[in-house]
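Engineer: predicted coordinates and the sequence they were generated for:
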Amino acid sequence: MLGNSCWPNPTPVAQTPPEAAYHPDMPTPTTPDRLYYTGDEAADRLIAHDPLALLIGLQLDQQVTVQKAFSGPLELQRRLGALDAGAIAALDPERLAQAFRERPAIHRFPGAMARRVQELCAAIARDYGGDASRIWTEATDARDLEARLLALPGFGELKARTMLGILGKRFGVRLAGWDEVAPRHATLGDVDSEASLATYQAGKRAYKATLRAGGPAGSGGTAG
């Protein structure tokens, strides 16, 4: 059974932020059937329905493809038996590293990323009682949500803005002030199909090629 599997839902009052916190034009918070980040239906459904899985995928999204990064949570779940922030935080670090190293490795840097994922899970267990969705369901406004994301281990401005884009565009979570913190460039929040993922990744490759050629720096997303 999956842990941390509840997204914001207009029915359970306990998980819905105060009405005043929402952007006046925001859509109703909802859970998409899947996120088109991996090409594997099971992995795409997991990251859509389990907030912890989505955050772990975003944590892994560096120096590997989007497909590899967001396939990681499902593979980790298979190897550990479940995704639970408290359990992962309490796991022996070497046991977690071994789960990451088992072939095929979950990431090209399994030891380092196992450590980062464990630090992320420890923060979620400590600050949010193991429920990753509380990061946004309890945020007072978009600036508060941004600050909560930036406080997560391994989440700099780029990852925080990407998560804001995903929450706002794919899940309809747009708190008051969302326009002020929303990314101004294409992110995974704009990906809603396999075709748009291909477009996003092509844009990333072009951006990186410009940087390698010494061109002007633009704004990019996470790893392609």
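Structural biologist: Structure received. Values in this document were obtained by computation on a predicted structure and should not be read as measured data.

Engineer: just the buried residues of the worst-scoring helix or strand of the chain on mean pLDDT, please?
Structural biologist: Here the helix or strand of the chain ranked lowest by mean pLDDT, DSSP states H and E is helix 194-212, holding a mean of 86. Residues of helix 194-212 classed as buried under the neighbour-count rule (16 or more other Cβ atoms under 10 Å) are Leu197, Tyr200, Gln201, Gly203, Lys204, Tyr207. C-beta: built from backbone N, CA, C; applies to glycine.

Engineer: which non-adjacent residue is nearest the most centrally placed residue in the chain?
Structural biologist: Among the residues of the chain, Leu55 comes closest to the average C-alpha position under Cα atoms, centre = their mean, at 3.4 Å. The spatially closest residue to Leu55, leaving aside those adjacent along the chain, is Ala132, at 5.5 Å (Cβ to Cβ, 6 or more residues apart in numbering).

Engineer: count of residues packed around the one you found?
Structural biologist: As a burial measure, the neighbour count of Ala132 was computed by other Cβ atoms under 10 Å and equals 29.

Engineer: sorry, back to before: got the CA coordinates for the helix or strand hosting the residue nearest to the centre of the chain in CSV?
Structural biologist: Under the assignment given by DSSP states H and E, the secondary-structure element containing Leu55 is helix 51-60. Coordinates of the C-alpha atoms in helix 51-60 are reproduced here as CSV (Å, rounded to 0.1, in the frame of the first residue of the first chain):
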residue,chain,number,x,y,z
PRO,A,51,3.2,13.4,-3.6
LEU,A,52,6.3,11.9,-2.1
ALA,A,53,7.0,10.0,-5.3
LEU,A,54,6.8,13.2,-7.3
LEU,A,55,9.2,15.0,-5.0
ILE,A,56,11.7,12.1,-5.1
GLY,A,57,11.5,12.2,-8.9
LEU,A,58,12.2,15.9,-9.0
GLN,A,59,15.1,15.3,-6.5
LEU,A,60,16.5,12.8,-8.9
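
Engineer: which neighbouring elements make contact with it?
Structural biologist: Using 3 or more Cβ pairs under 8 Å, 6 or more residues apart in numbering; DSSP states H and E as the contact criterion, the neighbours of helix 51-60 among helices and strands are helix 41-49, helix 66-80, helix 110-128, helix 157-170.

Engineer: export the ones you listed to TSV and tack on distance to Gln98?
Structural biologist: Below are the helices and strands packed on helix 51-60 laid out as TSV (distance: least, Cβ to Cβ, whole Å):
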stretch	distance to Gln98
helix 41-49	21
helix 66-80	9
helix 110-128	8
helix 157-170	26
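
Engineer: adding mean neighbour count, mean pLDDT and distance to Ala186, write those helices out as CSV.
Structural biologist: Supplementary listing: those in CSV, determined by neighbours: other Cβ atoms under 10 Å; pLDDT from 0 to 100; distance: least, Cβ to Cβ, whole Å:
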stretch, mean neighbour count, mean pLDDT, distance to Ala186
helix 41-49, 19, 98, 19
helix 66-80, 21, 98, 12
helix 110-128, 19, 98, 25
helix 157-170, 22, 96, 9
